[in-house]
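**Student:** Pasting the sequence and the predicted model now:
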Amino acid sequence: MYKALGINCSPRKEGNTNIMLSKVIETLRENGVEGEVVHVGGQKFSSCRVCGWCTDNQEKRCVIDDDFVNETILKMDEADIIIIGSPVYFSMITAEAKALMDRAGIVCRRNGFLLKRKLGAAVVAQRRAGGIPSVDAINRFFLLNEMIITGASYWNMGFGHEEGAVEKDTEGMNNMVSLGENLAWLVKKVNA
């Protein structure tokens, strides 16, 4: 059975980013792929120190061990599909998303490219603008880890400000279904 991991980098645990990620995971489940959403936003975290410990020790983890990153790296290593979701804050992804991508990216690359050939997809919640640069930032993480980026019928974004408002964005929510369907189809093809 294939596994999908949705990573919610929004400080709002039940906000628009989570709603969109949950829709993708629901669609994946309907198409025979296991999945879960983990919430990392709003938690204490540290940025990468570029200390080289992960390279020297080859333990598939970061030396910083008091936040969500190492547990998330373990889940990423076990997943076939990784979906990183972030709201747009000041025209870009959240600080939690950036810290996760910096640290997980270094660990995964320096420990034999742990994410190589896994599927990746960005999901971004926005009020008005900043979505494309945020999708691009997440996609660059996937590309630097030699992952396969999966898209849908449009950019993987939803519009809404207040919690739950994204559910009124019919096109955005339909795109989450399309994304889930495409991920389920592709993971089966890639691993056939």
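**Tutor:** Perfect, thanks for sending it.

**Student:** is the most centrally placed residue in the chain in a bridge, and if so with what?
**Tutor:** Centre of the chain computed as the mean C-alpha position; nearest residue by Cα atoms, centre = their mean is Ile84, 1.1 Å away. Counting by DSSP bridges, Ile84 is bridged to Ile7, Ala122.

**Student:** The host helix or strand of Asn18 packs against which elements?
**Tutor:** Assigned by DSSP states H and E, Asn18 belongs to helix 16-30. Counting contacts by 3 or more Cβ pairs under 8 Å, 6 or more residues apart in numbering; DSSP states H and E, helix 16-30 packs against strand 3-8, strand 34-39, strand 81-87, strand 119-126, strand 157-159, helix 170-190. In short, each C-beta sits where N, CA and C put it, glycine included.

**Student:** and with 6 Å instead?
**Tutor:** The contact analysis (3 or more Cβ pairs under 6 Å, 6 or more residues apart in numbering; DSSP states H and E) places helix 16-30 against strand 3-8, strand 34-39, strand 81-87, strand 119-126, helix 170-190.

**Student:** List the buried residues for it?
**Tutor:** Buried residues in helix 16-30, counted by 16 or more other Cβ atoms under 10 Å: Asn16, Thr17, Asn18, Ile19, Met20, Leu21, Ser22, Lys23, Val24, Ile25, Thr27, Leu28.

**Student:** Also stretch 60-76?
**Tutor:** Lys60, Arg61, Cys62, Val63, Ile64, Asp67, Phe68, Val69, Asn70, Thr72, Ile73, Met76.

**Student:** farthest pair in the residues you listed?
**Tutor:** Greatest spatial distance in these: Val63 and Met76, 17.6 Å, computed using Cβ to Cβ.

**Student:** do you know how far the residue of the chain positioned farthest from its centre is from Pro11?
**Tutor:** Going by Cα atoms, centre = their mean, the residue of the chain most distant from its centre is Asp56, 26.7 Å out. Noted for Asp56: a distance of 33 Å to Pro11, by Cβ to Cβ, to the nearest Å.

**Student:** Likewise for Gly35?
**Tutor:** Separation of Gly35 from Pro11 (Cβ to Cβ): 22 Å.

**Student:** Between the two, which is the more surrounded one?
**Tutor:** A direct count of neighbours by other Cβ atoms under 10 Å for Gly35 and Pro11 places Gly35 higher, at 24 against 17.

**Student:** start to end distance for stretch 44-59?
**Tutor:** Stretch 44-59 has an end-to-end distance of 22 Å (Cα to Cα, to the nearest Å).
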